[in-house]
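Peer 1: here you go, sequence then predicted model.
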Amino acid sequence: MAHEPSITFLGATRNVTGSRFLVHADTAKVLVDCGLYQERDFAARNWEPFPVEPASIDAVLLTHAHLDHCGYLPRLVRDGFQGPIYCTPPTAEIAQIVLEDSARIQMEDARAAVDLFEPVPYGEMIKLGRQVSASFHDAGHILGSALIRLVIGRGSEARTVLFSGDLGREATPLLRNPHLHDAADYVVIESTYGDRTHPPRPEVAGEMARVINQTAERGGSVLIPSFAIERAQDLLFELKNLVEQRLIPPLKFFVDSPMATDVTRVFEGHAELLDPALSQMLAEGDSPFRFPGLTFVRTSDDSKAINHMPGTVVVIAGAGMCNGGRIKHHLANRISDPRSTVLFVGYQAKGTLGRTIVDGATNVRILGQDHEIHARVEIIQSLSAHADRVGLAGWLDALKHPPRKVFVVHGDESIVLDFAEHFRTDRELDAEAPQYGQQVTLT
Ligand code: ZN
């Protein structure tokens, strides 16, 4: 080999967003993920020149289609990257929707990036130069999400590097469980929720039924701010069950998001990758995401018409943290109505409108106007698409031999440091939390 293989950490190091890891082996330069920074403190890095000449990168591998993993691609391509972008087939479809939706990205740059996508099914080995090969394995985080296994070198000299990407939870209704690997020399593991254990999932349906029934009895409406990918489909699946089992009354339900509507179609087109029970439903011609009373809303006129509908409506709309999107006009319309409920089903980052409401504000400014909050505010926390502390450690425990090194990434600084410390002291693993820009030789 020309030089020792190395990995350079170019994002999501001691923070959550901006995942980008450069593996350099022999003559091949491979970038694993190419994400945007979304945390305000780090956003300036989105505008700095990429630390490595984009034209010198041979290939990009994407773990999944969230913007903090694929959102930098249009810039990388505009600045000279011309190689293939390998990802699973659903990631190619969802990333296209995500990139074209992102206001921060020029449409022509997004299209140029999408043209380079090379969909690869789970489990298939691809060659990236003489000495490097890669394969994708289900991560169970969102549809199409993957763990990436890189093999560098050959025979007894070969080293494997396992990237967790974003790791999902076991036994979620929509997706299959994260794939377990029993061997790896190096592991790059996320740690978003490395500091907590999630409450058990089965409480979700009961909580949703309680919130909807109580709101309907008061004659109010339910507004659910939701991410368009995975969370919206997850909610639809739960609502369908509640409607069909008559645990909630027949109401008018709306998915008020063109993006969630498009992504729901991608789910329906990939029955083979869903949880077996859902694959079966789709094979029998029934969609797990459609039920009587539900309307997918595309145009903004149809969206505004929901404001004037009599009776109880249940509206799922983005953005998930209320920092944009159609949920804002629904909030403006109903947040002062004491009969209505705002139901939060996802993480609310600091500085977002969602966080302000969750934290108990009595009035808020929405679309340039002040509104007093009289609607009820409810929170369901069990829907996270990330493994918790137990899940993350359990996934690592599947390795039969301790890896040479574990790199903890994709978490707030305190969590990354704490999780690495936990691996060192409680599990006797060689673990570290790499710094931004740090290069590590894979010996
Ligand atoms: Zn993700």
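Peer 2: Alright, I've got the coordinates.

Peer 1: can you read off the backbone torsions of the closest residue to Tyr186 other than its chain neighbours?
Peer 2: Excluding the flanking residues, the one nearest Tyr186 by CB to CB, 6 or more residues apart in numbering is Val161, at 4.5 Å. In this view, the C-beta of every residue, glycine as well, is placed from N, C-alpha and C. The phi and psi torsions at Val161 (degrees, to the nearest 10) take the values phi -120, psi 130.

Peer 1: residues contacting Val161?
Peer 2: Val161 makes contacts with Ile7, Val23, Arg149, Leu150, Ile152, Ala184, Asp185, Tyr186, Val187, Val188, Leu442, as judged by CB atoms under 8 Å, 6 or more residues apart in numbering.

Peer 1: try it again at 7 Å.
Peer 2: Ile7, Val23, Leu150, Ile152, Ala184, Asp185, Tyr186, Val188, Leu442 (CB atoms under 7 Å, 6 or more residues apart in numbering).

Peer 1: of the residues you listed, closest to Arg339?
Peer 2: Proximity of those to Arg339 was ranked by CB to CB; the top entry is Val188 with 48.7 Å.

Peer 1: show me which residues of the strand or helix carrying that closest one are buried.
Peer 2: Assigned by DSSP states H and E, Val188 belongs to strand 186-190. Buried residues in strand 186-190, counted by 16 or more other CB atoms under 10 Å: Tyr186, Val187, Val188, Ile189, Glu190.

Peer 1: got a list of contacts for whichever helix or strand comes after it?
Peer 2: For strand 186-190, the following helix or strand on the C-terminal side (DSSP H and E) is helix 203-218. Contact with helix 203-218 is made by 221-222, 238, 241-242, 247-249, 251, 312, 314, 339-341, 343, 378, 380, 382-383, as judged by CB under 7 Å, 6+ apart.

Peer 1: chain center to the following helix or strand past helix 203-218, what's the gap?
Peer 2: With elements assigned by DSSP H and E, the helix or strand that comes after helix 203-218 is strand 222-225. For strand 222-225, the separation from the chain centroid amounts to 20 Å (computed by CA atoms, centre = their mean, to the nearest Å).

Peer 1: now do the following helix or strand past strand 222-225 against helix 203-218, angle only.
Peer 2: Sequence-wise, the next helix or strand downstream of strand 222-225 (DSSP H and E) is helix 231-244. Here the directions of helix 231-244 and helix 203-218 differ by 70 degrees (axes from the mean of the first three to the mean of the last three CA atoms, to 10 degrees).

Peer 1: mind giving me the packing neighbours of the following helix or strand past helix 231-244?
Peer 2: The helix or strand immediately downstream of helix 231-244 is strand 252-256, counting by DSSP H and E. Helices and strands touching strand 252-256, by 3 or more CB pairs under 7 Å, 6 or more residues apart in numbering; DSSP states H and E, are helix 231-244, strand 294-297, strand 313-317.

Peer 1: list the contacts of His179.
Peer 2: When contacts are counted by CB under 7 Å, 6+ apart, His179 touches His137, Asp138, Leu147.

Peer 1: closest one to the ion out of those residues, please.
Peer 2: Nearest to the ion among the contacts of His179: Leu147, at 12.5 Å, using CB to the ion.

Peer 1: what number of residues lie near that closest one?
Peer 2: Leu147: 29 surrounding residues under other CB atoms under 10 Å.

Peer 1: where does pLDDT dip in this structure?
Peer 2: In the predicted model of the chain, residues 1-2 satisfy pLDDT under 70.

Peer 1: nearest to the ion: which residue in the stretch 1-150 of the chain?
Peer 2: Counting by CB to the ion, the stretch 1-150 of the chain gets nearest to the ion through His66 (3.6 Å).

Peer 1: now do the contacts for Gly311.
Peer 2: The contact partners of Gly311, by CB under 7 Å, 6+ apart, come to Lys252.

Peer 1: and if we set it to 8 Å?
Peer 2: Gly311 sits in contact with Gly219, Leu251, Lys252, where contact means CB under 8 Å, 6+ apart.

Peer 1: show the buried residues in the residues you listed.
Peer 2: Neighbour-count burial (16+ other CB under 10 Å) applied to the contacts of Gly311 gives Leu251, Lys252.

Peer 1: Phe136 contacts Ile148, doesn't it?
Peer 2: Yes. Using CB atoms under 8 Å, Phe136 is in contact with Ile148, at 6.0 Å.

Peer 1: looking at these two, which is more packed in?
Peer 2: Phe136 (29 against 25).

Peer 1: and the closest residue to the more buried one other than its chain neighbours, how far from Ala271?
Peer 2: Distances taken as CB to CB, 6+ apart put Ala146 closest to Phe136, at 3.8 Å, once the chain neighbours are dropped. Distance, Ala146 to Ala271, by CB to CB, to the nearest Å: 18 Å.

Peer 1: neighbour-wise, which of these two wins?
Peer 2: Remark: of Ala146 and Ala271, Ala146 carries more neighbours, 30 against 16, as counted by other CB under 10 Å.

Peer 1: and the gap between that one and Gln439?
Peer 2: In terms of CB to CB, Ala146 sits 24 Å off from Gln439.

Peer 1: check whether the nearest residue to Glu124 once chain neighbours are set aside sits in a helix, strand or coil.
Peer 2: Distance criterion CB to CB, 6+ apart; nearest residue to Glu124, sequence neighbours excluded, is Ser135 at 6.4 Å. Secondary structure for Ser135, judged by DSSP: H, G, I helix; E, B strand; the rest coil, is strand.

Peer 1: Ser135 bridge partners, please.
Peer 2: In this structure, Ser135 bridges to Arg149 when assessed by DSSP bridges.

Peer 1: residue numbers of this protein in contact with the ion?
Peer 2: His66, Asp166 (CB under 5 Å from the ion).

Peer 1: what do you get if the cut-off is 6 Å, keeping everything else the same?
Peer 2: Counting by CB under 6 Å from the ion, the residues of the chain close to the ion are His64, His66, His141, Asp166.

Peer 1: show the contacting residues for the last one.
Peer 2: Translated: Asp166. 63-64, 66, 69, 139, 141-142, 145, 190, 192, 385-386, 410.

Peer 1: try 7 Å
Peer 2: Asp166 makes contact with Thr63, His64, Ala139, His141, Ser145, Glu190, His386, according to CB under 7 Å, 6+ apart.

Peer 1: so the nearest residue in space to the first one that is not next to it in sequence: helix, strand or coil?
Peer 2: The shortest distance from Thr63 to any residue other than its chain neighbours is 2.8 Å, reached at Gly165 (CB to CB, 6+ apart). For Gly165, the secondary-structure state derived from three-state DSSP is coil.

Peer 1: which residues does stretch 254-262 contact?
Peer 2: Residues outside stretch 254-262 that contact it (CB under 7 Å, 6+ apart) are 97, 101, 228, 232, 236, 295-298, 303, 306, 313, 315-318, 326.

Peer 1: any of those residues buried? List them.
Peer 2: Of these, these count as buried by 16+ other CB under 10 Å: 97, 101, 228, 232, 236, 296-297, 303, 306, 313, 315-318, 326.
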